[in-house]
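Asks: Have a look at this prediction, sequence included:
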Amino acid sequence: MYTSFLSQLQKDLYLQKKNTSELSILKKSDREQLRVDYYKRGGKAAETKYQDSLRHQNSESYYPSGERFRSALYYKDSLLKDLYFFKNGDTIKNFPHVTPDKVYHLKLLSPDSQIVSFDYFDGKILPDSYKRAE
């Protein structure tokens, strides 16, 4: 497994070039809110359900092709569960520690012994960065 992060200058240029998603926020009630990020000209990138002033949340993010990539559960702003998935649904074990403020380039070994690589930022895979090699 290989992880690297791009410098701040690279991050700014990369995100400006990629402009990863469009945002939609729906207020369901005074206690509930739904935030959905969409890939530009594509499907859903992430969906987050907030409750009680954003303190409790359930977040899901997706590969650009639509498969679930990440599932996270927060209670009182504390992360309870954080799972990552390969495209075939297998759980990614020992996912590297990442912070939401940096762009990471990740290379992982899939269960079928292929190397999967992608760029990752703020819980989402950046469009057009997912690659699979043997």
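Replies: Structure's in. What do you need?

Asks: Show me the shaky parts of this structure.
Replies: Applying pLDDT under 70 to the chain flags the ranges 1-21, 23, 53-54, 134.

Asks: now the helices for it?
Replies: For the chain, the helices defined by DSSP state H occupy 8-18.

Asks: Relative to its centre, which residue of it is most distant?
Replies: residue 30 (26.7 Å; Cα atoms, centre = their mean).

Asks: show me what contacts that residue?
Replies: Counting by Cβ atoms under 8 Å, 6 or more residues apart in numbering, residue 30 touches no other residue. Where you see a C-beta, it was placed from the backbone N, CA and C, and this is true even at glycine.

Asks: Give me the distance between it and residue 52.
Replies: Computed as Cβ to Cβ, to the nearest Å, the residue 30 to residue 52 distance reads 10 Å.

Asks: Over to the residue farthest from the centre of the chain: give its phi and psi.
Replies: When read as degrees, to the nearest 10, the backbone of residue 30 gives phi -70, psi -20.

Asks: from here on, count from 28
Replies: All set: I'll call the first residue 28, so the last point we hit is now residue 57.

Asks: OK, contacts around residue 158?
Replies: Neighbouring residues of residue 158 by Cβ under 8 Å, 6+ apart: 143-145.

Asks: What sits closest to residue 72 if chain neighbours are left out?
Replies: Nearest residue to residue 72, sequence neighbours excluded (Cβ to Cβ, 6 or more residues apart in numbering): residue 64, at 4.3 Å.

Asks: Many thanks, we can stop here.
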